[in-house]
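Engineer: My questions are about this predicted structure, shown below with the sequence.
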Amino acid sequence: MKRVYNFSAGPSMLPLEVLEQASKEMTSYGDTGMSVMEMSHRSKAYQEIIDTTEATLREIMAIPDNYKVLFLQGGASTQFAMIPLNLMNGSNKADFVNTGAWTKKAIAEAKKYGQVNVLASSEDQTYNYIPKLDKSTFTPDADYFYIASNNTIYGTKMNALPDTGDVPIVADMSSNILSEEMDVSKYGVIFAGAQKNMGPAGVTIVIIREDLIGNAMDITPTMLNYKTHADKGSMFNTPPTYSIYIAGLVFKWIKDMGGVKAIQARNEEKASLLYDYFDSSKLFKGTVVKEDRSLMNIPFVLPTDELNAKFIAEAAKRDFVNLKGHRSVGGMRASIYNAMPVEGVKKLVEFMKEFEAEHAE
């Protein structure tokens, strides 16, 4: 069986152990005689799957009891509308920090429903840094304060949360959820598409403080109201059953690996291997300022577009795939999510050293 080192930004690689377990259960889950894909979401067997999935996520993230965990559809992009529709219910204002393509889209969507205050932006340098914030510019009566904790395309990470007082922080964690320990109680809403660190595409997980549920705008469609899903345990309609099942296996894998603390140590080791090499290399260069470097998404470049293309092509022949960078940044990007083994990063660095020795002037 051939397995490549998949550095895709998403959908990304899954733990091999998870894939093997799913393979064993593909045609019959337990003694049900059917695949999870064939199973009624109203069945006892499936209720146990979703309940266990939620319980495991709560355990590994230490989610407080006053937060709901919702398994939704529509990707993180649907949250760009759901958040203002459900939370812009007081002053009808929200503060945003623009750190990438996805915050820019979230800003455009939120403007349809209320006043958006963009406090800072790093667009002037192609989002290669996290802008400094001035608390005096924060909106005291904002309904929420919006950030992306990690930026998939540009490889930046917000290392410190702003002090927003009583204003709830909303965080898009699509590309770094479960990658490092964090305090859920510091957030009002956390959301993430699954296809990077949690499972296959199809389910979006929302972790929301209970007091933020139930005050949606009158125009909010039923399916975009958090209360609809909170009241029905994410079963108002048919949820993405198989994606939730795989996510549950991933959460168990994280638990068995030693929890998020152990995963974080492994992620820090992987990222250091790459960043330390870039800092010493005469050919390869990282594109992000050091203090804002992501643990998950690592963009880098060579001196010319021709060398970039040659490196990507030769890397693919060595089974290092999906290294091409986003078109807005160019070059390469190595996404080293939780499932990427340390061995994969070590081998990539070895190949880079070979490439540098061959092409350095």
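Structural biologist: Sure, I can see it.
Engineer: can you pull the buried residues of the helix ranked longest in the chain?
Structural biologist: Longest helix in the chain, counting residues (DSSP state H): helix 259-280. For helix 259-280, the neighbour count (16 or more other Cβ atoms under 10 Å) marks 259-260, 263-264, 266-267, 270-271, 273-275, 277-278 as buried. To be clear about C-beta, it is placed using only N, CA and C from the backbone, and glycine gets the same treatment.
Engineer: okay but Glu356 is in contact with Phe278, surely?
Structural biologist: No. In this structure, Glu356 is not within contact of Phe278 by Cβ atoms under 8 Å, at 10.8 Å.
Engineer: intersection of neighbour lists for the two?
Structural biologist: Phe284 (Cβ atoms under 8 Å, 6 or more residues apart in numbering).
Engineer: Okay, helices next: where are they in the stretch 251-361 of the chain?
Structural biologist: 259-280, 305-317, 342-359 (DSSP state H, counting those that start in this stretch).
Engineer: Just send those helices back as TSV, with distance to Asp172 and mean pLDDT too.
Structural biologist: Converted to TSV, those look like this (distance: least, Cβ to Cβ, whole Å; pLDDT from 0 to 100):
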stretch	distance to Asp172	mean pLDDT
helix 259-280	18	98
helix 305-317	28	97
helix 342-359	25	97
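Engineer: Show residues contacting the longest helix of the chain.
Structural biologist: Here helix 259-280 has contacts from 60-61, 178-181, 254, 257, 284-286, 290, 293-296, 298, 300, 334, 336, 338, 340, 342, 345-346, 348-349, 352-353, using Cβ under 8 Å, 6+ apart.
Engineer: Give the PyMOL command for selecting the buried subset of those.
Structural biologist: Burial among those is assessed by 16+ other Cβ under 10 Å; the matching PyMOL selection reads:
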select buried, resi 60+61+178+179+180+254+257+284+286+293+294+295+296+298+300+334+336+338+340+345+348+349+352
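Engineer: Tell me which stretches of the stretch 101-250 of the chain form helices.
Structural biologist: 101-110, 226-231, 241-256.
Engineer: Could you look over those helices and pick the most buried one?
Structural biologist: Stretch with highest mean neighbour count among those: helix 241-256 (a mean of 21; mean count of other Cβ atoms under 10 Å).
Engineer: what about that helix, distance to the chain center?
Structural biologist: 15 Å (Cα atoms, centre = their mean, to the nearest Å).
Engineer: for it, packing partners?
Structural biologist: helix 16-24, helix 44-61 (3 or more Cβ pairs under 8 Å, 6 or more residues apart in numbering; DSSP states H and E).
Engineer: quick one: the spatially closest residue to Arg318 that is not a sequence neighbour and Leu323, what's the gap?
Structural biologist: Closest residue to Arg318 apart from its sequence neighbours, by Cβ to Cβ, 6 or more residues apart in numbering: Phe351 at 5.7 Å. Counting by Cβ to Cβ, to the nearest Å, the separation of Phe351 from Leu323 is 10 Å.
Engineer: got any residues that touch both of the two?
Structural biologist: Contacts common to Phe351 and Leu323, judged by Cβ under 8 Å, 6+ apart, are Ala315.
Engineer: Compare these two and say which one has the larger neighbour count.
Structural biologist: Ranked by neighbour count (other Cβ atoms under 10 Å), Phe351 and Leu323 place Leu323 first, with 22 against 17.
Engineer: Can you give me the pLDDT of that one?
Structural biologist: Leu323 carries a pLDDT value of 98.
Engineer: And it, its phi and psi?
Structural biologist: Main-chain dihedrals, Leu323, degrees, to the nearest 10: phi -100, psi 0.
Engineer: wait, doesn't it sit right on Ala315?
Structural biologist: Yes. Leu323 is within contact range of Ala315, at 5.4 Å (criterion: Cβ under 8 Å).
Engineer: before we move on, the earlier item: tell me which of the helices and strands packed on helix 241-256 sits most buried.
Structural biologist: Of the helices and strands packed on helix 241-256, helix 44-61 is the most buried (mean count of other Cβ under 10 Å), at a mean of 17.
Engineer: So what are the sheet partners of the helix or strand that it is followed by and their directions?
Structural biologist: Per DSSP states H and E, the first helix or strand lying C-terminal to helix 44-61 is strand 67-72. Next to strand 67-72 in the sheet, as set by DSSP bridges, lie strand 204-209 (antiparallel).
Engineer: Specify the angle between the strand it pairs with and helix 44-61 in degrees.
Structural biologist: 60 degrees (axes from the mean of the first three to the mean of the last three Cα atoms, to 10 degrees).
Engineer: Can you tell me what sits against strand 204-209?
Structural biologist: Under Cβ under 8 Å, 6+ apart, the answer for strand 204-209 is 57, 61, 63, 66-76, 78-79, 82, 168, 177, 184, 187-194, 198, 226, 230, 247.
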